[in-house]
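**Student:** any chance you could fold what I've pasted below:
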Amino acid sequence: MQTEAESGADRPLVNESYFHDGARWERDIYRRLEISRNVWRVVAVAALVCLAIELLTLLSLVPLKSTEVVTLLVDKATGFVEVAKPLEEGGPISQREAVTQANIVRYIRAHETYDPPA
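**Tutor:** Alright, predicted model coming up:
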């Protein structure tokens, strides 16, 4: 039979560099991944803060949006553009404007209506 010295009982079962290599792997790989994860967390939080600021800015600009209806008169011959004043209900109108509007209405009715016997 073999004695303990011959059978290798005094040798350790695990190589001495095994734990050293494990600690080195933990430093190299795991710590690098942990740092990378933390950097991405900071980037994500910064992006969310920027998004919140942009959303609040956009919401503050929404009340500034308004629509105003304006009637424009364009002369087909010259291209002159004129802003037509809306007639307010019960508002004053000059005699000349009243005659002009009546003539415009009469002209449109004469040219836009269909009259077969004529």
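
**Student:** buried set for the longest helix along the chain?
**Tutor:** When the chain is parsed with DSSP state H, its longest helix is helix 31-61. In terms of neighbour count (16 or more other Cβ atoms under 10 Å), helix 31-61 has no buried residues at all. Every residue, glycine included, has its C-beta placed from N, CA and C.

**Student:** following the chain past it, name the next helix or strand.
**Tutor:** strand 71-74 (DSSP states H and E).

**Student:** packing partners of that following strand?
**Tutor:** If contacts are counted by 3 or more Cβ pairs under 8 Å, 6 or more residues apart in numbering; DSSP states H and E, strand 71-74 sits against strand 81-84.

**Student:** so how far is the strand it packs on from its chain's centroid?
**Tutor:** Strand 81-84 has its C-alpha centroid displaced from the chain centroid by 36 Å (Cα atoms, centre = their mean, to the nearest Å).
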